[in-house]
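S.K.: no FASTA, just this:
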DNA sequence: ATTCAAATGATCCGGTTAGTACATTTCACT
DNA sequence: AGTGAAATGTACTAACCGGATCATTTGAAT
């Protein structure tokens, strides 16, 4: 049982083969979409062969679905490292928003997989219970912050955690998903590090504004 | 010269043929993506033939690029109907945001074309000067509102119209683009008319909050 | 050392699809 | 009514690509 790296003669290693295929598949599907991706191309970037793809994943759609799940799993895994319970509500929320913004930026392949899935009306995602569970858990984390903020009187009443999640996602997702068209039209300045930091701060404040008690006018 | 509807024997009508092809192309590309779209399918939904597609548009990519332009043109055309100059700045901005939100909802094919173009890193859009001009004009409209608001002292200083446009777009675009995955995971409630009205109001307020002079805290 | 299922290699195939070749018709202008 | 270019119809093809077929090897248990 040698490491997964070297392969002389050949040694069986089913799990490594599956993971190898999945990693390449995520990358290819994210880059080229479902019908734009060639199974042969995936195979060629793999340490194994096309034969193995069909052996383990049945067909192209099967592979795509598993790749989609893999992308979600990896990203939600990253989110789990975030501990917010010890922070006061406003700071917890601010940290969550800033983290989400950064995390999306760092995982463009995930974003692209979701874009592609949206193009396909989420029909493959709908078939995967795994993914639904992951995301519902993410909402619960947000709901906890909302309740704490309301209990302490720093958040207004009647906040809908789902709407809030929608708003946070809208900013963070769009920032990555529409970067190509946006910068093709308006230039890339908004996506350089300095501008992104400003933008992140702005949306943190915008979100905090949404949950804050009304006070302004004019 | 009869109308474009009936076609007995056959009568030449180059412009109508081109428009017919383009309309179908937008619909097909928006639904299935670039590589997911079949030229034969487009042809079959047309009153003309595949031969004509290649005759007028050269190849699949040429047709795609023209379809992308057509989608942009149609949407920007709709936006031009909006007259904001007679409104006070806050109301003008509020109206612009609400309109953008609705307008995006009403043009899902356009949204999907942009999504697809983003998947392709905007490489076809980048080749089209037409589109860039259209959008830069849209920003200018926003800049005018900002300047008026600042002159009247109701907006804070240092607003970047481009960032503002980014924020408005993020909400309005995401609302359509990610509806499939979002509702697959969290249910469709947020996308029914009542909830959408609430959401729209929320984001109008969020945007107004961004441009307003600081006053709140806690 | 045999056995047998799991894992892998090597090669092939049939349908699909973008694009083309060739022929024909329309129509504006003489 | 003739001419020629633009417009359209019909049929074909070459390449590509998802998937299948058949054979071989590995490795764990007997």
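M.R.: Received the coordinates, thanks. This structure is a prediction, so every number in the text was calculated from the model and none was measured.
S.K.: low pLDDT regions in chain A?
M.R.: Along chain A, the model assigns pLDDT under 70 to residues A:1-10, A:215-218.
S.K.: for it, which helix is longest?
M.R.: helix A:129-151 (DSSP state H).
S.K.: what's it packed up against?
M.R.: When contacts are defined as 3 or more C-beta pairs under 8 Å, 6 or more residues apart in numbering or on different chains; DSSP states H and E, helix A:129-151 sits against helix A:60-80, helix A:89-106, helix A:161-177, helix B:179-186. Glycine gets a C-beta too; all of them are placed from N, C-alpha and C.
S.K.: Would you mind giving the secondary structure of the nearest residue to residue A:150 once chain neighbours are set aside?
M.R.: The shortest distance from residue A:150 to any residue other than its chain neighbours is 6.3 Å, reached at residue A:157 (C-beta to C-beta, 6 or more residues apart in numbering or on different chains). Put simply, residue A:157 is coil when judged by DSSP: H, G, I helix; E, B strand; the rest coil.
S.K.: close enough to count as contact, residue A:157 and residue A:149?
M.R.: No. Judged on C-beta atoms under 8 Å, residue A:157 makes no contact with residue A:149 at a distance of 10.3 Å.
S.K.: quick revisit: next, the angle helix B:179-186 makes with the longest helix of chain A.
M.R.: Counting by axes from the mean of the first three to the mean of the last three C-alpha atoms, to 10 degrees, helix A:129-151 lies at 80 degrees to helix B:179-186.
S.K.: got the buried residues for helix A:129-151?
M.R.: Buried residues in helix A:129-151, counted by 16 or more other C-beta atoms under 10 Å in any protein chain shown: A:131, A:134-135, A:138, A:141-143, A:145-146, A:148-150.
S.K.: who touches stretch A:162-174?
M.R.: Contact with stretch A:162-174 is made by A:96-97, A:100-101, A:103-105, A:111, A:114, A:138-139, A:142, A:146, A:203, A:206-207, A:210-211, B:166-167, B:169-171, B:173-175, B:178, B:182, B:186, B:190, B:198-199, B:202-203, B:206, as judged by C-beta atoms under 8 Å, 6 or more residues apart in numbering or on different chains.
S.K.: rerun at 7 Å
M.R.: Identification of contacts with stretch A:162-174 by C-beta atoms under 7 Å, 6 or more residues apart in numbering or on different chains yields A:97, A:100-101, A:104, A:111, A:139, A:142, A:203, A:207, A:210-211, B:169-171, B:173-174, B:178, B:186, B:190, B:199, B:202.
S.K.: Same check on stretch A:119-134?
M.R.: Contacts of stretch A:119-134 (C-beta under 7 Å, 6+ apart): A:34, A:64-65, A:68-69, A:72, A:76, A:117, B:33, B:112, B:115-116, B:180-181, B:184-185.
S.K.: What of stretch A:197-209?
M.R.: A:90, A:93-94, A:97-98, A:101, A:167-168, A:171, A:190, B:163, B:206, B:209-210.
S.K.: now the helix or strand in which residue A:116 is found against helix B:108-119, angle please.
M.R.: Residue A:116 is part of helix A:108-119 when elements are defined by DSSP states H and E. Helix A:108-119 runs at 150 degrees relative to helix B:108-119, counting by the same axes, to 10 degrees.
S.K.: Helix A:108-119 vs DNA strand D: in contact?
M.R.: No. Using C-beta under 7 Å from any atom of the strand, helix A:108-119 stays clear of DNA strand D, coming no nearer than 14.4 Å.
S.K.: Show me what counts as buried in the helix or strand following that helix.
M.R.: As assigned by DSSP H and E, the chain's next helix or strand after helix A:108-119 is helix A:123-126. For helix A:123-126, burial by neighbour count (16+ other C-beta under 10 Å) applies to A:124-126.
S.K.: got it, and stretch A:27-35?
M.R.: Buried residues in stretch A:27-35 (16+ other C-beta under 10 Å): A:27-35.
S.K.: What of stretch A:106-122?
M.R.: So stretch A:106-122, judged by 16+ other C-beta under 10 Å, has buried residues A:107, A:109-120, A:122.
S.K.: And for stretch A:52-65?
M.R.: A:52-53, A:56-57, A:60, A:63-65.
S.K.: give me the subset of the residues you listed touching DNA strand C.
M.R.: Within the buried residues of stretch A:52-65, those near DNA strand C by C-beta under 7 Å from any atom of the strand are residue A:52.
S.K.: Contact residues of chain A facing DNA strand D?
M.R.: Proximity of chain A to DNA strand D (C-beta under 7 Å from any atom of the strand) is limited to residues A:9-12, A:37-40, A:50-51, A:54, A:59-61.
S.K.: rewinding a little: Serialize the buried residues of stretch A:106-122 to a markdown table and add fields for distance to DNA strand C.
M.R.: As requested, the buried residues of stretch A:106-122 are exported to a markdown table (distance: C-beta to the nearest atom of the strand, whole Å):
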| residue | distance to DNA strand C |
| --- | --- |
| A:107 | 28 |
| A:109 | 24 |
| A:110 | 27 |
| A:111 | 26 |
| A:112 | 22 |
| A:113 | 22 |
| A:114 | 25 |
| A:115 | 21 |
| A:116 | 18 |
| A:117 | 20 |
| A:118 | 21 |
| A:119 | 16 |
| A:120 | 15 |
| A:122 | 22 |
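S.K.: Which two of the residues you listed have the greatest separation?
M.R.: A:107 and A:120 (19.7 Å; C-beta to C-beta).
S.K.: Tell me how far the residue nearest to residue A:150 lies from DNA strand C.
M.R.: Using C-beta to the nearest atom of the strand, to the nearest Å, residue A:157 is found at 54 Å from DNA strand C.
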